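A.B. asks: Here is my input, please return the structure:
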Amino acid sequence: MTAGSRRTVPYPSWLYDHCQEKGYIFISADYRLCHPTTTLDQINDAKALFKFLAGDFTHHLPQSVTLDTARIAVSGFSAGAYSARAACVYAHPKPAVLLSVYGLGGDLLLDHWTRGRPPTSIAKFADLDEYPRLLADKTVISDDSEGGTGFSNRFTLTVRWELDGTMLDGCFGAPGLGARLDALDYSRRDAAVPEDLKPGFLQSFVTENYPPSVFVHGTADEVVPDQESVHHHEQLVKLGVKSKLCLVKDGPHGLGDFSTVDETGSNSTAAAYRDALEFIDTAFAAV
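C.D. replies: Numbering: from 1, shown residues only. As a prediction, this is how the structure comes out:
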């Protein structure tokens, strides 16, 4: 939510390569980052992207290439899944399918987001001494820099918010939001979300019109818990929306291990990604 860009590594070459093989147009779009902007700005960016794709984008394509707006898939990794989910709720035209990879936004009311917790694996990218300066900077809206592929010190914002239990405060620009929700039982939190912020709690807007969705998540993810994907998947199943949940046993945040094999001789991460890509192809074929 706070750091990263379309140039940040690790890059999902497995997804890009599949798009090349299938003749899909691959688009990697940046969006405004939380602080100084908020989740609501990210929602507007997702809507703006789809308006562009359905309109002026065609003028930038070679004459021999067209975009089928009925067959647009959205994908997001980690915090990037929030924008992908936002497109499924608010964008026009509506995406044909969602791929969430260890993605955030399936359930922002979990204790994980409302209270402080020990440092996670991304803490190594943070310099907490930089936090006051980053918080005071009201100009940064993107982490993209030409030729830059490394992690930004803006991860310091996320790490500080994780430690303090203020992740929701920072992402929504609402001081005290996390503490107020944390004081309530989980079942009462949704009703307690302020009306002006409710559009950003995307789980409240999952309906039977939601696109088919596939979720890939590691069960040992301590940055974005797999409950995010489980909750979203279960919502869709109850609504009769096609959904697939690919949990990678003991998989961490990032799911970048393609070398370890299980008792069957296969790599569970690679298998999950293959299943997800097959799900997308099937969803496109059904349109």
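A.B. asks: remind me which residues of the chain are low pLDDT?
C.D. replies: For the chain, applying pLDDT under 70 flags the ranges 9, 145-151, 263, 265.
A.B. asks: rerun at 80
C.D. replies: Scanning the chain for pLDDT under 80 picks out 5, 7-10, 141-152, 258-266.
A.B. asks: Spatially central residue for it, please.
C.D. replies: Centroid-nearest residue in the chain: residue 81, 1.3 Å away (criterion: C-alpha atoms, centre = their mean).
A.B. asks: Name the SS class of that residue, please.
C.D. replies: Classification of residue 81 using DSSP: H, G, I helix; E, B strand; the rest coil returns helix.
A.B. asks: Leaving out the residues flanking it, which one is nearest to it?
C.D. replies: Of all residues not flanking residue 81 in the chain, residue 103 sits nearest, at 2.4 Å (C-beta to C-beta, 6 or more residues apart in numbering). From N, CA and C alone the C-beta is placed, and that goes for glycine too.
A.B. asks: Please name the residues that touch the residue nearest to the centre of the chain.
C.D. replies: Shown in contact with residue 81 (C-beta atoms under 8 Å, 6 or more residues apart in numbering): 75, 100-106.
A.B. asks: same thing but at 10 Å, please
C.D. replies: 74-75, 98-106, 202, 215, 217, 224, 228-229, 232 (C-beta atoms under 10 Å, 6 or more residues apart in numbering).
A.B. asks: how much space between it and residue 131?
C.D. replies: For residue 81, the distance to residue 131 (C-beta to C-beta, to the nearest Å) stands at 25 Å.
A.B. asks: And for residue 196?
C.D. replies: In terms of C-beta to C-beta, residue 196 sits 26 Å off from residue 131.
A.B. asks: So the residue nearest to residue 81 is in contact with residue 88, correct?
C.D. replies: No: the pair residue 103 / residue 88 is not scored as a contact, 11.5 Å apart, by C-beta atoms under 10 Å.
A.B. asks: Show me which of the two is the more surrounded one.
C.D. replies: Remark: of residue 103 and residue 88, residue 103 carries more neighbours, 26 against 23, as counted by other C-beta atoms under 10 Å.
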